[in-house]
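**Student:** Fold the following.
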Amino acid sequence: MKLDKSNLLSPKMEDALKFTVLAYMKNNKKAVSSAYILKNFGSTDGLNYSSAKLRYLMNDLEKENYLTKDNEVKTNGRIPTQKGLNYFAKFLANNVTNEYTLKLDEVFNKRNLEDQQTIDTAAQLISEMTGLTIVTTNYQTSHLLLKSVDLVVLDQSSATVILVMSNGEVFSKIIHPAQNLFDMNDIKVAVKIFREYLIDVKLINVVSKIQEIKPILEQKINNYQELIKSFLVNVFEDFDAIQKYRNKIYGKSNLILSSEIKRAELNNLLDIMENHSIWEMLQPQVEDSDDVKILVNETASYMSKKIQSNDKVTEISIVGSPTSNYSAMHVALKALDHILSKNNK
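**Tutor:** Numbering: from 1, shown residues only. The predicted model follows:
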């Protein structure tokens with residue numbers, strides 16, 4: 001659901017949407033009417049509309065699918081749609097008090113912690129304070145080198161390619177000869193060439209380096225293009241992900257115990273948090289230029305940001321139920337961004 005500044009609502013409609021969502025949250029996720037909204041919010045909160053004007057604005061928001069009637073309950077009230085919740089989370093929930101940031105500053109000013117300790121402590125504390133789940137994902141591919149390529153022949157139909165990285169990590173991949181295209185001897189020749197030309201090459205450059213040495217492979221192997229394709233698919237395909245997705249989760253139980261998370265979706269949600277990049281999961285669903293990726297769907301609500309420091313990238317993601325406290329999510333993200341940025345100076 002891509003929302004950007006080209007389709008912003010008018011200030012009056014934003015006010016109506018903002019207070020409808022706030023009232024909806026206050027009313028335990030039940031439909032709200034203009035009368036309920038005005039009973040709970042007023043001029044001191046920034047709401048300066050009559051009941052008739054507010055009803056008119058809510059009706060317009062319904063026409064544009066930001067609000068809808070609750071079909072399960074016979075009422076004239078309305079509830080926000082996913083489109084409405086996404087708009088609120090992205091544009092209207094950001095102006096909040098910094099009570100969490102102040103509490104965090106107070107805690108960290110009293111402690112002398114190493115960088116990772118600071119991040120771990122902050123994420124855990126914010127999770128406990130807000131009831132949200134926080135995921136940190138570290139990327140460090142840019143400085144890692146390929147240090148070794150070895151081949152262990154299992155039989156004439158399969159072999160294991162063993163890769164060693166400069167950080168000591170070892171990965172093994174299975175590759176098979178392709179009938180009538182290349183055989184085990186061709187694989188052995190390819191590994192020998194890779195060992196000569198790919199050692200001490202940065203992981204992020206390995207695939208492009210293989211393209212550079214195609215003429216050398218062509219001289220030694222008849223169907224070199226098919227062999228390269230097999231290596232790229234079966235051995236080197238996951239290089240971009242080898243150092244991605246080193247995820248740490250704080251407050252996982254907040255999601256597991258949430259009554260708003262559908263049990264059927266929980267396992268998939270946990271898999272995303274444990275093994276994938278939330279930022280990259282959101283990428284095709286939100287505006288490409290967004291510094292912070294925000295999405296609310298039927299399963300959960302997400303906010304994610306990447307922070308760059310030299311050759312290290314840390315992704316911070318906040319995950320909650322579909323109707324989480326979006327303001328708290330913004331504060332959590334900003335607080336962790338502030339701590340990481342300060343530590344990286």
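
**Student:** what about the closest residue to residue 32 other than its chain neighbours, how many neighbours?
**Tutor:** Nearest non-adjacent residue to residue 32, counting by Cβ to Cβ, 6 or more residues apart in numbering: residue 23, 4.2 Å away. All C-beta atoms are positioned from the backbone trio N, CA, C, and that covers glycine. Using other Cβ atoms under 10 Å, residue 23 has 24 other residues around it.

**Student:** got the contact list for residue 31?
**Tutor:** Residues in contact with residue 31 (Cβ atoms under 8 Å, 6 or more residues apart in numbering) are 24, 69, 70, 73, 75, 77, 78, 79.

**Student:** For the second one, which non-adjacent residue is closest in space?
**Tutor:** Which is residue 69. Closest to residue 69 by Cβ to Cβ, 6+ apart is residue 78, at 6.0 Å.

**Student:** if I pick that neighbour, what's in contact with it?
**Tutor:** Residue 78 sits next to 20, 31, 32, 33, 58, 61, 62, 67, 68, 69, 70 when contact means Cβ under 8 Å, 6+ apart.

**Student:** Which one of those residues is nearest to residue 173?
**Tutor:** Using Cβ to Cβ, residue 68 comes nearest to residue 173 of the contacts of residue 78, at 49.7 Å.

**Student:** In contact with that closest one, which residues?
**Tutor:** Applying Cβ under 8 Å, 6+ apart, the residues contacting residue 68 are 62, 78, 79, 80, 81.

**Student:** That one in helix, strand or coil?
**Tutor:** Three-state assignment for residue 68 (DSSP: H, G, I helix; E, B strand; the rest coil): strand.

**Student:** Across the sheet, point out what pairs with it.
**Tutor:** Beta-bridge partners recorded for residue 68 (DSSP bridges): residue 79.

**Student:** In terms of pLDDT, where does it sit?
**Tutor:** In this model, residue 68 is scored at 95, pLDDT.

**Student:** Tell me the spacing between it and residue 237.
**Tutor:** Residue 68 sits 43 Å away from residue 237, taking Cβ to Cβ, to the nearest Å as the criterion.

**Student:** Same question for residue 171.
**Tutor:** 12 Å.

**Student:** where do the contact lists of those two overlap?
**Tutor:** With Cβ under 8 Å, 6+ apart as the test, residue 171 and residue 237 reach no residue in common.

**Student:** At the geometric centre of this protein, which residue sits there?
**Tutor:** Relative to the mean C-alpha position of the chain, the nearest C-alpha, by Cα atoms, centre = their mean, is the one of residue 278, at 1.9 Å.

**Student:** which one is that residue nearest to, not counting chain neighbours?
**Tutor:** In this structure, residue 278 finds its nearest non-sequential neighbour in residue 317, 4.0 Å apart by Cβ to Cβ, 6+ apart.

**Student:** which is the next helix or strand following the one helix or strand the one you found maps to?
**Tutor:** Take DSSP states H and E as the rule and residue 317 turns out to sit in strand 312-320. As assigned by DSSP H and E, the chain's next helix or strand after strand 312-320 is helix 326-343.

**Student:** That next one - contacts with which helices or strands?
**Tutor:** Where contact means 3 or more Cβ pairs under 8 Å, 6 or more residues apart in numbering; DSSP states H and E, helix 326-343 is packed against helix 99-109, helix 115-130, strand 133-139, strand 301-309, strand 312-320.

**Student:** between that helix and helix 115-130, how big is the angle?
**Tutor:** In terms of direction (axes from the mean of the first three to the mean of the last three Cα atoms, to 10 degrees), helix 326-343 departs from helix 115-130 by 170 degrees.
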